[in-house]
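# just coords:
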């Protein structure tokens, strides 16, 4: 069965793009940069190891003829295109609001003064490595205020701001593209056939990886504080969009797809994590601390295992007969 000709070019281009943000952090912070890349998996692990596979697999099911039909004349197929344009228009002010969210602490690598960035990075690590700080269940606010006040008001690096804004626009823009394309397939009279559904299941599963990556990154950056989650509007909107996309896909797919193999594990995992967060939050905190203390060698080994799995799944799932 022939492979999709778009897969490899899309994988290469998206991988090269994904390297921009983490390499920029390393270039600015030098040896300290790797430490921040490891502990910001939303810009590190997810961007480099997961996002390219999601883009490559999605590219194999995009039907350009259907899109041209939707934009050539106004019909029910035009509604997803209109929604897509509206969402992209809202994305720009949304990214700015997320960037300026006062509830989240600024990362040191965003600062213009690299010497000050290194100093604050060392302060952050010193606080997080303090056993007395980790052992406290209450009263951590003083140390958090110490760090947040030290970083507050310092001038930011313009190149890093541009990279942050563009990366977020592309990443969230891709999620919006997937959502609106699923909606486009849903309003089309035909059912979503098995091959397309399996591809989209993989893409949605890959995008779902962003949520724990982002949660860990902000947990680490905010010195074990999770109160920011209640006001993290962007993450809540993206979570709703993912759930709605899964619902639409379930309503229009044919039988015999991988959908249920995706929904059941994700639902069970989400329920377990949600239960632990409510009943035993210290277990998740300890797990996050253990991950943050992993050496680079073992983290790299884990990443390579995950990449091998993603490559196997993504390179085999798109080999179905072209429709």
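Sure thing, it's come through. These figures come from a predicted structure and were not determined experimentally.
# burial count for residue 118?
When neighbours are counted by other C-beta atoms under 10 Å, residue 118 registers 18. For every residue, glycine as well, the C-beta is placed using N, CA and C.
# mind listing what it touches?
Residues near residue 118 by C-beta atoms under 8 Å, 6 or more residues apart in numbering: 29, 32, 108.
# any idea how far it is from residue 32?
Residue 118 sits 6 Å away from residue 32, going by C-beta to C-beta, to the nearest Å.
# cool, residue 158 as well?
Distance, residue 158 to residue 32, using C-beta to C-beta: 20 Å.
# and these two? Which one has more around it.
Neighbours per residue, other C-beta under 10 Å: of residue 158 and residue 32, the larger number sits with residue 32, 19 against 9.
# distance between stretch 151-170 and the chain's centre?
Here stretch 151-170 is found 17 Å from its chain centre; the criterion is C-alpha atoms, centre = their mean, to the nearest Å.
# what do you get for stretch 144-161?
23 Å.
# one more: stretch 218-226?
So, by C-alpha atoms, centre = their mean, the centroid of stretch 218-226 is 17 Å from its chain's centroid.
# with stretch 245-255 instead?
Centroid displacement of stretch 245-255 relative to its chain, using C-alpha atoms, centre = their mean, is 23 Å.
# contacting residues around that stretch?
178-179, 182-183, 185-186, 191-194, 197, 200-201, 204, 259, 263.
# what mean pLDDT does it get?
Averaging pLDDT along stretch 245-255 gives 75.
# list the buried residues for it?
245-246, 248-249, 252-253 (16 or more other C-beta atoms under 10 Å).
# so in this protein, which helix runs the longest?
helix 158-187 (DSSP state H).
# now residue 41: which helix or strand?
According to DSSP states H and E, residue 41 maps onto no helix or strand at all.
# go on, residue 70?
Element membership for residue 70, per DSSP H and E: helix 64-72.
# what packs against that helix?
Packing partners of helix 64-72 (3 or more C-beta pairs under 8 Å, 6 or more residues apart in numbering; DSSP states H and E): helix 78-99, helix 158-187.
# and the longest one with helix 64-72, angle?
Meaning helix 158-187. Angle, helix 158-187 to helix 64-72, by axes from the mean of the first three to the mean of the last three C-alpha atoms, to 10 degrees: 90 degrees.
# how far does helix 158-187 sit from the chain's center?
So, by C-alpha atoms, centre = their mean, the centroid of helix 158-187 is 11 Å from its chain's centroid.
# can you name every helix or strand that the helix or strand following it contacts?
Following helix 158-187 in sequence order, the next helix or strand is helix 194-208 (DSSP H and E). For helix 194-208, the packing partners by 3+ C-beta pairs under 8 Å, 6+ apart come out as helix 51-59, helix 158-187, helix 233-252, helix 259-279, helix 296-317.
# tell me the first helix or strand C-terminal of helix 194-208.
helix 210-221.
# which elements pack onto that next one?
By 3+ C-beta pairs under 8 Å, 6+ apart, helix 210-221 packs against helix 233-252, helix 281-292.
# what average pLDDT does that helix get?
In this model, helix 210-221 has an average pLDDT of 83.
# stretch 185-194 now?
Mean predicted confidence for stretch 185-194 is 83.
# endpoint to endpoint, it covers what distance?
Using C-alpha to C-alpha, to the nearest Å, one end of stretch 185-194 lies 13 Å from the other.
# mind listing what's buried in the longest helix of the chain?
So helix 158-187, judged by 16+ other C-beta under 10 Å, has buried residues 160, 163-164, 167-168, 171-172, 174-186.
# next one: stretch 189-199
Using 16+ other C-beta under 10 Å as the test for burial, stretch 189-199 gives 192-199.
# which one of those sits closest to residue 56?
Nearest to residue 56, judged by C-beta to C-beta, of the buried residues of stretch 189-199 is residue 199 at 10.1 Å.
# skipping its backbone neighbours, what lies nearest that closest one in space?
residue 61 (4.4 Å; C-beta to C-beta, 6 or more residues apart in numbering).
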